[in-house]
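Visitor: show me the folded form of this:
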Amino acid sequence: MDFLITNLINPIEKPIMLSEKLSLIIDNPRTEEEIELFRNNLEFSIENHSLNSDKRGYKISIGGEIPEEVHINPTVDLQIKHVVYGFDNNCEFTEEVANSYSKQDKFKFLAENWVIIRFDRNVPLHNEIEKRIEQRKILAESKNRMPDIWIDEPVVFFSDYINLLFMLFFDSNIPNLTWDSFYSLTFRNNYLSSKPDRVNNDFYNTILNLSSETSKYPTASRKTYLYKEIIEPIFSSARRLDNVINYSYDEKLFHVAQLLRLSSNEKTDIKIRLVLLASIIELLLTHNPNHSRFNVEDSISKQFQLKTAIVVYEADKSQNLEELKKNLRIIYDLRSKIAHGDLSEIVKIFINNTKGTDEESLYVFLQDKVWDLMQYVQYTLQKYVEDKGYIDFLKAS
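Guide: Numbers count the residues shown, from 1 in each chain. Next up, the predicted model:
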């Protein structure tokens, strides 16, 4: 069985079935081959990570002169200990594993306890994705174009697709745990190599983020969640999915999954995230109007507002329709100004709707709109998988 790598570290006594329809199993690396492969990649990535190999970082952390032989930041060991503190302590097996840390090689310990999601490449969905990837590759070669650098890695697309399916029915009572955080649960596993030669920053970042959640100085804005916190929302999503979804390939969802990955990975520019999320709703709900009868931009704006409002209100009747209408108008105006490069107009929209003036308040304003969009996207996608004909009807109307 192949596996996806998660951003979670926790001992798992026995493999746990996550989704029978997709043959997804939550587990740790088990075989000597898996553990050794994982260990070698972890060691290479952590010891060669810029924050570890930076000698200035060593001087700040330790003080004094810097020995020439220092290659790894000594705080990594402390970070791993904080990760161990975050293990699920309601389990005798987990407690036993945690107590063994000091007696083990730290990289082997991490390899044995990193959470993975096993999957079967023979499930129909994965086979269909492999087929589509091969078609894209053939098309690119026929036109003498280089295919995308990862076009021959269907596991990347499979991971995107699985993340999207779980996001659809994600629901949690954990404060500030959004489906966007949940969507980042897995990352590509194509970096595991028998002879590692490239740094996978996700390994180090996972350790850093998890350790911050159990240390005395947790991050103000959480970047990840502990296994014991997020495991129930994962299983809740899986149960709902297995009950309602036909796990067959869908071209639109395939495309949306990639847009969501781009949005989730965009950490530097909130404006790009807003455009990407708005484009998902446009793709699902709006159509290109008759150029001879309508102003194209005006028509799509009205479609975006009306059709999204219908879907959102049907999913959540507690919404105030006037506020919803106003919010959708602001969101589409922002999307248009960003897409057309009218960046000064963004500030005007911000001032007109908040009376704010400072840059920090502008960022908060845009972030709020992105969070609203995330919810609207989730409602729209939920309706799409439950009643595709209804969404297609709305789109054509």
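Visitor: C-alpha from now on. contacts and neighbour counts both.
Guide: Will do.
Visitor: for K369, what are its contacts?
Guide: Listed by CA atoms under 8 Å, 6 or more residues apart in numbering, the contact set of K369 reads L274, N327, I331.
Visitor: tell me which element it falls in.
Guide: Assigned by DSSP states H and E, K369 falls within helix 359-386.
Visitor: elements contacting the helix or strand following that helix?
Guide: Toward the C-terminus, helix 359-386 is succeeded by helix 388-396 as the next helix or strand (DSSP H and E). Helices and strands touching helix 388-396, as assessed by 3 or more CA pairs under 8 Å, 6 or more residues apart in numbering; DSSP states H and E, comprise helix 270-285, helix 359-386.
Visitor: list the buried residues for the shortest one?
Guide: Within helix 270-285, the residues that qualify as buried by neighbour count (16 or more other CA atoms under 10 Å) are 270-282, 284-285.
Visitor: in JSON lines: the contacts of K369, plus distance to S19 and pLDDT.
Guide: Below are the contacts of K369 laid out as JSON lines (distance: CA to CA, whole Å; pLDDT from 0 to 100):
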{"residue": "L274", "distance to S19": "32", "pLDDT": "94"}
{"residue": "N327", "distance to S19": "37", "pLDDT": "95"}
{"residue": "I331", "distance to S19": "36", "pLDDT": "95"}
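Visitor: hang on, I25 in a strand?
Guide: Yes - judged by DSSP: H, G, I helix; E, B strand; the rest coil, I25 forms part of a strand.
Visitor: what residues are bridge-paired with it?
Guide: Taking DSSP bridges, one finds M17, R118 as the beta-bridge partners of I25.
Visitor: contact partners for it?
Guide: Each residue near I25 by CA under 8 Å, 6+ apart is listed here: P15, I16, M17, L18, S19, I117, R118, F119.
Visitor: please tell me how far it sits from L4.
Guide: Separation of I25 from L4 (CA to CA, to the nearest Å): 10 Å.
Visitor: common neighbours of these two, please.
Guide: Common contacts of I25 and L4 (CA under 8 Å, 6+ apart): I117, R118, F119.
Visitor: which one of these sits closest to A315?
Guide: I117 (30.7 Å; CA to CA).
Visitor: quick check: that closest one touching I5?
Guide: Yes - the pair I117 / I5 is scored as a contact, 6.5 Å apart, by CA atoms under 8 Å.
Visitor: could you double-check that F158 lies in contact with N127?
Guide: No - with contact defined as CA under 8 Å, F158 does not count as touching N127 (9.8 Å).
Visitor: look at these two and report which has more neighbours.
Guide: Neighbour count, other CA atoms under 10 Å: between F158 and N127, F158 has more, with 23 against 16.
Visitor: just the buried ones from the contacts of I25?
Guide: Neighbour counting by 16+ other CA under 10 Å classes M17, L18, S19, I117, R118, F119 among the contacts of I25 as buried.
Visitor: D387: which of those residues is nearest?
Guide: For the buried ones among the contacts of I25, the nearest to D387 is S19 (21.7 Å; CA to CA).
Visitor: now the closest one. Nearest residue, chain neighbours left out?
Guide: Of all residues not flanking S19 in the chain, A238 sits nearest, at 5.9 Å (CA to CA, 6 or more residues apart in numbering).
Visitor: give the contact list for R329.
Guide: So R329 contacts S301, Q305 (CA under 8 Å, 6+ apart).
Visitor: where's it relative to T308, distance?
Guide: 11 Å.
Visitor: what of I331?
Guide: Separation of I331 from T308 (CA to CA) stands at 11 Å.
Visitor: quick one: contacts of stretch 103-111?
Guide: Contacts for stretch 103-111 (CA under 8 Å, 6+ apart): I9, P29, I35, E36, F38, R39, N40, L42, E43, D77, I80, Y101.
Visitor: quick one: contacts for the last one?
Guide: Y101 sits next to F109 when contact means CA under 8 Å, 6+ apart.
Visitor: again with the first one
Guide: Contacts for I9 were tallied using CA under 8 Å, 6+ apart; they are V83, F87, L110, N113, W114, V115, L226, Y227.
Visitor: quick one: average pLDDT of the strand or helix carrying I346?
Guide: Element membership of I346 [criterion: DSSP H and E] is helix 343-354. On average, the pLDDT along helix 343-354 is 88.
Visitor: show me what that helix is packed against.
Guide: helix 321-339, helix 359-386.
Visitor: in that helix, what counts as buried?
Guide: By neighbour count on 16+ other CA under 10 Å, the buried set for helix 343-354 is I346, V347, I349, F350.
Visitor: after the least confident helix or strand in the chain by mean pLDDT, next one along is what?
Guide: Using mean pLDDT, DSSP states H and E, helix 55-62 stands out as the lowest-scoring helix or strand of the chain, at a mean of 36. Next along the chain after helix 55-62, taking DSSP H and E as the criterion, comes helix 75-85.
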